[in-house]
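In: Got a predicted structure here, sequence first:
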Amino acid sequence: MQLDPDSIYEQLEARHILQPLSAALQQAGIASAISDARCMLGIVLGRDDAVLPHEMIARWQPEQSRALEALRQRRQTGEPISRMRGWREFWSMQFMLSSATLDPRPDSETVIEVALGWARRQAPAVRILDLGTGSGCLLLTCLAELPQASGVGIDISAEALEMAAMNASQHGLAARTMFYQQDFATDLTAHGQFDLILSNPPYIPSADIEMLDADVRHFDPLAALDGGPDGLSWWRVLCPLISRLLSNSGMAFVEIGAEQGKSVVQLSAASGLVQIASFNDLSGRERCLQFQKELPS
């Protein structure tokens with residue numbers, strides 16, 4: 001069945017829309033063409049979920065055909081579905097995004113998994129600091145899982161903090177969360193010390209950014225990606241900062257870039273931090289490091 005984009009269809013099986021759409025996306029080299037097509041149709045229909053081929057659609061309008069075509073063109077430029085929707089699911093929670101926030105990826109859930117494991121055992125009423133909070137996904141996910149915890153999110157971007165505050169409100173966490181617009185290089189000791197520190201800082205070497213996938217390179221904010229010439233610029237600032245802000249009994253969990261583990265451990269040791277463990281993501285790549293403060297013997 002070939003649809004006329006200028007026609008109204010009183011009753012239409014979704015597969016008649018999905019099949020040509022997914023074929024066009026596949027021809028453009030998009031590996032996730034079938035699932036993307038289902039999500040894009042959901043967006044046009046005002047739904048958060050993906051549309052299945054057997055579903056019946058009532059009153060398919062020409063303006064919906066045009067909206068779907070516009071989404072197809074956007075997807076073929078590399079724009080991810082999450083940017084089209086304006087939100088990303090992370091740890092089974094929805095986080096609203098803007099151009100100023102990093103798009104959370106499943107690999108970052110490694111940090112959440114191990115941080116929560118430690119907090120539940122050691123400090124369920126933990127006070128959490130998220131350095132470079134962005135959408136707030138790391139901090140707010142932990143707060144949602146730890147009902148006695150409270151937290152502070154720091155970011156240099158006012159627009160990112162606006163999204164983080166909106167996400168905190170959306171998930172009923174605003175009363176336990178404070179956000180501040182500050183640079184890592186400023187004195188943050190006025191916030192006190194924290195039992196749990198999280199961070200997913202910019203760690204991509206500057207020269208490698210052009211080699212990233214289009215959905216990252218063109219749609220994530222450069223400030224959230226660029227880690228300087230060797231990818232370690234922010235670690236040189238963060239390691240001493242974490243050492244100052246971490247309580248004596250506290251723990252830090254940070255996300256690192258590819259093959260950065262040894263270098264970040266060296267920088268942390270120079271700042272008075274001791275590596276406790278490292279953790280791999282689902283693809284088997286070292287993704288998260290765990291640190292505590294080095295205490296006088």
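Out: Received it, and whenever you're ready, just let me know what you need.
In: how much space is there between residue 162 and residue 82?
Out: 18 Å (Cβ to Cβ, to the nearest Å). Glycine gets a C-beta too; all of them are placed from N, C-alpha and C.
In: more crowded one of those two?
Out: The neighbour count for residue 162 versus residue 82, taken as other Cβ atoms under 10 Å, is higher for residue 82 (19 against 16).
In: Would you confirm that the more buried one belongs to a helix?
Out: Yes - the assignment for residue 82 (DSSP: H, G, I helix; E, B strand; the rest coil) places it in a helix.
In: what about stretch 53-67, distance to the chain center?
Out: Mean C-alpha position of stretch 53-67 versus that of the full chain (Cα atoms, centre = their mean, to the nearest Å) differs by 31 Å.
In: brain fart, stretch 236-246
Out: On Cα atoms, centre = their mean, the centre of stretch 236-246 falls 22 Å from that of its chain.
In: what does that stretch rub up against?
Out: Residues from elsewhere that reach stretch 236-246 (Cβ atoms under 8 Å, 6 or more residues apart in numbering): 129, 131, 184-185, 188-189, 191, 193-194, 197, 199, 201, 252, 254, 264, 267-268, 270-273, 291-293.
In: downstream neighbour of the strand or helix carrying residue 117 in the secondary structure list?
Out: Using DSSP states H and E, residue 117 sits within helix 109-122. Going down the chain from helix 109-122, the next helix or strand is strand 127-131, by DSSP H and E.
In: So which elements touch that next one?
Out: In terms of contacts (3 or more Cβ pairs under 8 Å, 6 or more residues apart in numbering; DSSP states H and E), strand 127-131 is packed against helix 137-145, strand 150-155, strand 194-199, helix 233-245.
In: Flag every buried residue along the last one.
Out: Within helix 233-245, the residues that count as buried by 16 or more other Cβ atoms under 10 Å are 233, 234, 235, 237, 238, 239, 240, 241, 242, 243, 245.
In: Hmm, residue 26 and residue 33 touching each other?
Out: Yes - with contact defined as Cβ atoms under 8 Å, residue 33 reaches residue 26; the gap is 4.2 Å.
In: Just list the residues touching residue 132, thanks.
Out: 154, 155, 184, 199, 200, 201, 202, 224, 234.
In: hmm, try it at 7 Å
Out: The contact partners of residue 132, by Cβ atoms under 7 Å, 6 or more residues apart in numbering, come to 155, 199, 200, 201.
In: And for the second one, nearest residue in space, chain neighbours not counted?
Out: It stands for residue 199. Distances taken as Cβ to Cβ, 6 or more residues apart in numbering put residue 131 closest to residue 199, at 4.1 Å, once the chain neighbours are dropped.
In: And the third one, by the same measure?
Out: If the residues on either side of it in the chain are set aside, residue 200 comes closest to residue 255, at 4.1 Å by Cβ to Cβ, 6+ apart.
In: Tell me where the model's unsure across the stretch 151-297 of the chain.
Out: 297 (pLDDT under 70).
In: before we move on, the earlier item: comparing residue 33 and residue 26, which residue is more hemmed in?
Out: Ranked by neighbour count (other Cβ under 10 Å), residue 33 and residue 26 place residue 33 first, with 18 against 15.
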